[in-house]
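In: sequence plus predicted model, see below.
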Amino acid sequence: MNYVLSLTFIFLISCTNINILREPSSVQTHVKQLVDWETKANATAIGRSNDVVELKHFEIPLSFLEKDFASDLDPKVKDSLVFNKNGTPFFRWVISPEDTKYHKEVSEFLASKGMDTTTYSYLKGYYSASRSLIVYNENNRAAFSLKTSTDNTAGNWTDKKQTWDDSQQIRQISDWVKGATEKMDIKTLVIQDEPMAVGIKSLDMGIVIRSLGELPQDHKYYIPGFSALHEHVGAEIAALNGSNDPAKFWEENYVKPLANALGELSAITGSFHTSPHSQNFLIELDANKKPTGKLVVRDFGDSYINKKILANTKYAHLVDMWEENYVFHSKLPTRFGVLHGTKNPSWVSEQIYLKWSEIFYDVFEKRFSEISGIPVSELAQTEKTLNRKGRKFSYYIKRYETKSESWKNYFRYANCLNGNTKTLSGKNCPENFKKFHSTAQSCNSVVRDFQ
Ligand SMILES: Nc1ncnc2c1ncn2[C@@H]1O[C@H](COP(=O)(O)OP(=O)(O)OP(=O)(O)O)[C@@H](O)[C@H]1O
Ligand SMILES: [Mg+2]
């Protein structure tokens with residue numbers, strides 16, 4: 001019987017593309033904790049493996065690929081993917097272990113060009129709750145997130161091609177959001193930037209790398225929003241911090257920080273997530289798993305962008321690159337929906353969710369107002385609606401009218417909200433648009449970087 005079982009097991013393993021390995025002993029505990037939360041503490045992406053897998057890749061000359069690398073790309077991340085073969089730089093084109101389709105297109109394409117179609121191994125990886133992989137390089141201990149095409153992933157949308165077109169947009173908005181927010185003194189928002197993208201233009205296929213922020217340093221934890229709202233894990237972390245009321249605990253430590261973070265993000269950059277659900281947010285915890293008050297936002301490719309803000313900054317070109325449906329000209333679309341796309345834990349009722357939406361908008365409007373100068377009383381006039389589509393826990397929506405004088409003034413001085421002291425046309429920024437400028441930077445560096 002045992003013999004039959006083990007034969008079946010060997011057969012199953014050899015039938016899949018997935019090679020289960022021994023856990024790398026050097027992988028950072030906080031990175032592994034993220035993997036465990038992503039795969040095991042989620043009411044939506046159920047049954048994901050948290051085992052380490054060997055990642056396969058093609059080796060493609062870098063000169064053959066489209067590429068966009070940020071100037072501050074971490075050398076350990078770069079060296080994990082770009083290496084020299086006989087003196088020529090090559091890129092490791094990582095294949096999703098779940099994919100049965102897109103890597104074949106790449107292989108056929110390489111064959112048609114007479115190039116090497118061998119699949120090599122170098123990196124280890126883990127699944128997440130989405131198509132992103134958490135990649136680990138045992139040789140230099142780099143850990144990062146990587147998005148590559150797959151026709152077979154968790155959740156509601158299983159076939160997800162990562163296009164080169166989208167990869168380019170992601171690179172631009174990542175540079176914009178990072179460049180603008182790091183020059184401002186903000187208390188809540190942390191971003192996971194996406195500093196590297198490569199692509200094969202004729203296949204319209206790309207690979208995007210996302211930084212894991214401070215996670216690899218093992219000082220902080222990042223718990224995905226969906227794990228904070230997970231029936232057991234959410235209650236356990238609340239209890240660990242002395243609370244037997246998880247709904248109240250996450251109201252303080254998720255809903256309010258989220259509102260502050262999105263207030264900061266949208267006021268400074270003119271962007272708002274199109275899918276502000278709990279897969280795109282993470283809550284920062286200290287080494288004892290106590291919330292620090294900071295909130296991490298990821299996946300900026302899925303954003304609405306405000307034409308009037310961007311037109312007054314040096315990122316105006318983003319508007320031309322963006323999908324038309326996601327560029328807003330008049331009303332600012334915003335949403336609250338931490339349980340959108342997932343199941344509510346027993347400790348969040350519809351009434352609590354409604355209360356959370358009210359708290360979210362109170363805090364959001366206050367923070368947005370502090371930075372933009374638009375009075376709270378004006379913002380609060382906007383009506384909130386529930387986008388149900390048959391779901392109990394969906395998005396609450398507010399679409400702010402942007403025609404008033406205070407909005408016009410805010411648009412006029414948009415360039416002052418990313419650390420600059422002058423508008424694009426050279427006008428001095430008024431004091432109230434400079435009050436959040438980071439004190440850590442010198443005025444000279446601001447002028448140099450943004451003009
Ligand atoms: N609790 C959750 N709520 C909403 N979406 C979830 C949740 N858990 C997993 N998901 C999955 O997350 C994905 C969300 O879509 P999105 O396009 O933002 O992700 P992605 O682009 O695949 O990856 P990433 O966010 O890592 O860049 C979907 O595949 C969805 O099923
Ligand atoms: Mg996402």
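Out: Now that the structure is in, tell me what you want to look at. Ligands and ions are numbered 1, 2, ... in the order given.
In: burial measure for Thr342, as a count.
Out: Summarising burial for Thr342: neighbours were counted as other CB atoms under 10 Å, giving 23. (C-beta placed from N, C-alpha, C; glycine too.)
In: my read: it touches Ala43, true?
Out: Yes - in this structure, Thr342 sits in contact with Ala43. The criterion is CB atoms under 8 Å, and the distance is 5.0 Å.
In: roughly how far does the closest residue to Arg141 other than its chain neighbours sit from Asp185?
Out: Once its chain neighbours are removed from consideration, Arg141 has its nearest residue in Ser26; the separation is 5.9 Å (CB to CB, 6 or more residues apart in numbering). Ser26 sits 36 Å away from Asp185, going by CB to CB, to the nearest Å.
In: who in the protein is up against ligand 2?
Out: For the chain, the contact set with ligand 2 under CB under 5 Å from the ion comprises 279-280, 299.
In: the residues you listed in helices, which ones?
Out: Where the residues of the chain next to ligand 2 are compared with helices, as defined by DSSP state H, there is no overlap at all.
In: ok, and the closest non-adjacent residue to the residue nearest to the spatial centre of the chain?
Out: When CA atoms, centre = their mean is applied to the chain, the residue found nearest the centroid is Arg298 (1.5 Å). In space, not counting the residues next to it along the chain, Arg298 is nearest to Gln192; the distance is 4.2 Å by CB to CB, 6+ apart.
In: so what's the one you found up against?
Out: Taking CB atoms under 8 Å, 6 or more residues apart in numbering as the contact definition, Gln192 lies against 145, 210-213, 282, 296-298.
In: picking up where we left off before, overlap of the contact sets of Thr342 and Ala43?
Out: Common neighbours of Thr342 and Ala43, using CB under 8 Å, 6+ apart, are 226, 229.
In: which positions in the stretch 301-450 of the chain make contact with ligand 1?
Out: For the stretch 301-450 of the chain, the residues in contact with ligand 1 (CB under 6 Å from any ligand atom) are 302, 341-342.
In: now do 8 Å
Out: 301-302, 340-342 (CB under 8 Å from any ligand atom).
In: for Ile268, which residues are in contact?
Out: With contacts defined as CB under 8 Å, 6+ apart, the neighbours of Ile268 are 180-181, 184, 186, 371, 417-418.
In: just the closest of those residues to Glu38, please.
Out: Compare each of the contacts of Ile268 with Glu38 using CB to CB and the shortest gap goes to Thr181, at 24.5 Å.
In: tell me the pLDDT at that closest one?
Out: Predicted confidence (pLDDT) for Thr181: 96.
In: measure it to ligand 2 for me?
Out: 19 Å (CB to the ion, to the nearest Å).
In: my guess is that residue meets Lys187, correct?
Out: No - with contacts counted by CB under 8 Å, Thr181 stays clear of Lys187, the gap being 11.6 Å.
In: overlap of the contact sets of the two?
Out: When contacts are counted by CB under 8 Å, 6+ apart, the set common to Thr181 and Lys187 consists of Glu264.
In: the two: which has the busier surroundings?
Out: Regarding Thr181 and Lys187, a neighbour count based on other CB under 10 Å identifies Thr181 as having more, with 23 against 12.
In: name the nearest residue to the more buried one, ignoring sequence neighbours.
Out: On the basis of CB to CB, 6+ apart, the spatially nearest residue to Thr181 that is not a chain neighbour turns out to be Ile268, at 5.7 Å.
In: where does the one you found fall, phi/psi-wise?
Out: Main-chain dihedrals, Ile268, degrees, to the nearest 10: phi -80, psi -40.
In: distance of it from Ala180?
Out: Relative to Ala180, and taking CB to CB, Ile268 is found at 5 Å.
In: now do the shared contacts for these two.
Out: Overlap between the contact sets of Ile268 and Ala180, as judged by CB under 8 Å, 6+ apart, is given by 417-418.
In: list the buried residues in the helix or strand hosting Arg367.
Out: In the assignment (DSSP states H and E), Arg367 maps to helix 350-372. Across helix 350-372, burial judged by 16 or more other CB atoms under 10 Å covers 352-353, 356-357, 359-361, 363-365, 367-372.
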